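Colleague: Need a 3D model of the following:
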Amino acid sequence: MTGSRKIVTAAFGLGILCLLIFGILLLPKASASSTTYITDTSITTTTTPSPFASPSPLPPASKIVVAHALKQRRLAIRAWKKWNHARWCFGLKPIPFGRHSARRPSRLASDAVWLAAGKAWHQDAHLYRHKFKVLWYEMNHPHGNAWERWRPLVRWVWPSSLVNTVICIIRAESSGSEFRYNTGGSGAYGLMQLLPRPSGVTYAYEQLVYAYWHKYVAAGYSFSPWASSGAW
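Modeller: Purely as a prediction, here's the structure:
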């Protein structure tokens, strides 16, 4: 009886010891699990800005910036028209303004957009002026010796409906010689043999302008000053 009681007591003590050891082994895992849970909660609840958030819209351009840009556009259009008219004088097709020049931005666009457009139009104006100068030089210094080479310049000065008649007069009067001087006594001068020779008129462009205003228009829009040429 005494031996059995000792065995039961020993088994009871061994069970309690096993429970204590088991509890000690589980305690660090529970602590680690609790700490991890707190850390994860703090991380997941932290808010960060979204990289896909749309930026706030810029304000519309000021009136001063828009006015300056539109002024550059008007200058570019003026230079473009002059260049296209010169192209027409050479029988070339016109080039649309929007083909090489910037489009007009929306009025709600920002200062930066309008400033960029104004800068582009400013550069376009310089480009069109340069292209016109090239054609203008060719008009006033045409190649060849015949009268037909002066057609672009005549188209620049005279109305298009009168160009063929003027070319015929040039052919009859001077054969296309810009500085032809009549030494036979009349003193007529130039492509259309202006008589008398006007003071301060030397080159072909000056001759054609003078012939239109001081001869044709002054004669009542008539070619009567060249009646003796038989060209019309």
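Colleague: any idea how this structure splits into domains?
Modeller: Residue ranges for each domain of the chain read 63-140, 147-229, as given by automatic domain parsing.
Colleague: The ones you listed into TSV, with extra columns for mean pLDDT?
Modeller: As requested, these are exported to TSV (pLDDT from 0 to 100):
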stretch	mean pLDDT
domain 63-140	96
domain 147-229	95
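Colleague: how about those domains, which one is nearest Ile16?
Modeller: For the domains of the chain, proximity to Ile16 was assessed by C-beta to C-beta; domain 63-140 is nearest, at 80.9 Å. (Each C-beta comes from the backbone N, C-alpha and C, glycine too.)
Colleague: Tabulate the domains of the chain in JSON lines, adding columns for mean neighbour count.
Modeller: Supplementary listing: the domains of the chain in JSON lines, determined by neighbours: other C-beta atoms under 10 Å:
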{"stretch": "domain 63-140", "mean neighbour count": "16"}
{"stretch": "domain 147-229", "mean neighbour count": "17"}
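Colleague: Would you reformat these as CSV and include distance to Pro57?
Modeller: As requested, those are arranged in CSV below (distance: least, C-beta to C-beta, whole Å):
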stretch, distance to Pro57
domain 63-140, 9
domain 147-229, 49
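Colleague: Helices along the protein, start to end?
Modeller: Taking DSSP state H, the helices of the chain run over residues 2-44, 63-89, 97-100, 111-140, 151-157, 163-173, 204-210.
Colleague: Tell me the helices and strands packed up against the last one.
Modeller: With contacts defined as 3 or more C-beta pairs under 8 Å, 6 or more residues apart in numbering; DSSP states H and E, the packing partners of helix 204-210 are helix 111-140, helix 151-157.
Colleague: Residues contacting it, please?
Modeller: When contacts are taken as C-beta atoms under 8 Å, 6 or more residues apart in numbering, the neighbours of helix 204-210 outside the stretch itself are 139-140, 150, 153-154, 156-158, 166, 178, 189-192, 194, 198, 200-201.
Colleague: Many thanks, I have nothing further to ask.
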